[in-house]
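Sequence plus predicted model, see below.
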Amino acid sequence: MPAQFHMSNRYIIIMAGGRGERFWPKSRLARPKHLQPIVGDKTMLAQTVERVAALVPAENLIVITNTEQRAIILEDLPDLTPAQVVGEPVGRDTVAAVGLATVLVKAKDPDATYAILPADHVIHDGAAYRTVLDRAFTAAEETSSLVTIGIKPTEPATGYGYIHVGDARLDVGGFPVYDVQRFVEKPTLETAQGYLDSGEYFWNAGMFIWKASVIDEVLKLHTPVLYEGLQKISSGIEAGELVEDLMETVYPTLEKISVDFAIMEKASNVTMVESAFDWDDVGAWPAIERHYPKDEAGNVAKGIALFEQSANNIVVSENGHLTAIIGVEDLIVVHTDDATLVCHKDKAQEIKGIVRQLGGTEEFKHLV
């Protein structure tokens, strides 16, 4: 690491919002996916914090969530101070979160570089992840570009956005930093196969690293209305006002738009470093079978389960509850204290429909 860059100038922002409907009945509005141990024994958020803790001083880590989840997150992460967990009063998509992160980091250190990361991905090789993230920090510091981390695709996945890269502009520690030509939305299977065959496309994991001063200028250029609102929060912080009060009054007025659409698809100075670690965004229940051992019939259990004449099932059963499966295939069975899900694997994306039904009832909306 070059001598002029120090860890004290680096910050990590973790975005911990979202509803996590596809992991019902484990995931609820009050405790969505990132506050559940979907894979592993700790919450996804706690695992994310553990992975990055060695990269920056403890006080340089900030979690952006919503006001409803803030207290639970402080319980889940007891080493963080209340000031390090900031709650959005209303959701305003990712570019508002990026803008808020920029305001908060610049208030602490105008010369800082920060990474903004999702809270709910599965990465087992923490050491390799930290190496790549350190490399991305260095790339952002040396090039003043907007840096993202691309995941080398292993299949023609249609559920991810892609990053199309061009030439490598320089080496950081012997590894290339690629110019990004464009970001593309989730493709068809045929298009995804073409991306995979070309070797020029990477999965977009939503990990971004940049200098606070650089992203500040980009926000000002591409989202001027939102930027004007952010300056009210910034000025208020400088005047000694509480962040919580400023959020309540200003944040609901901010534009609602994604960072990919508002910034990354428009900015000209975007680069990418390639991942060298395992990665899974575990988007729905079928994904967990990639992280737990299977029996000889392909069944996976998280918790206590028995299988008889059954194959390729996933069972999640908590609090010592035994779940027995007989004579079925390709099912997802999730048992919690107050709800049980039985779902064919092919219909895992339809769980949102059940959540919508529950939300429309007085009797069961507490289960959402």
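Perfect, thanks for sending it.

Give me the below-cutoff pLDDT ranges for the stretch 101-250 of the chain.
Scanning the stretch 101-250 of the chain with the threshold set as pLDDT under 70 gives no residue ranges.

Would you state the helices of it in chain order?
Assigned by DSSP state H, counting those that start in this stretch, the stretch 101-250 of the chain shows helices spanning 126-143, 189-198, 212-222, 224-238, 243-250.

Name whatever forms a beta bridge with the closest residue to E142 other than its chain neighbours.
Ranked by Cβ to Cβ, 6 or more residues apart in numbering and with sequence neighbours excluded, the top spatial neighbour of E142 is V172, at 6.9 Å. (Glycine included, C-beta is placed from N, CA and C.) Beta bridges link V172 to F175, judged by DSSP bridges.

count of residues packed around V172?
Using other Cβ atoms under 10 Å, V172 has 20 neighbouring residues.

And the one 10 residues further on, by the same measure?
The tally of other residues near R182 (other Cβ under 10 Å) stands at 13.

That one against Y162, yeah?
No - taking contacts as Cβ atoms under 8 Å, R182 lies outside contact range of Y162: 9.0 Å.

how close does the residue nearest to F202 when sequence neighbours are not counted get to H344?
Counting by Cβ to Cβ, 6+ apart, F202 lies nearest to G150, which is 2.9 Å off, once chain neighbours are set aside. Look at G150 and H344: by Cβ to Cβ, to the nearest Å, they are 33 Å apart.

Looking at the two, which one has more neighbours?
More crowded of G150 and H344, by other Cβ under 10 Å: G150, with 21 against 12.

Show me what the helix or strand hosting V316 is in contact with.
Assigned by DSSP states H and E, V316 belongs to strand 314-326. Strand 314-326 has contacts (Cβ atoms under 8 Å, 6 or more residues apart in numbering) with 26, 285-286, 288-289, 299-310, 313, 331-337, 345.

change it to 7 Å
Defining contact as Cβ atoms under 7 Å, 6 or more residues apart in numbering, one finds that strand 314-326 is touched by 26, 285-286, 288-289, 300-310, 313, 332-337.

Endpoints of stretch 18-34, how far apart?
One end of stretch 18-34 to the other measures 9 Å (Cα to Cα, to the nearest Å).

again but with stretch 297-312, I slipped
Terminal residues of stretch 297-312 are spaced 6 Å apart (Cα to Cα).
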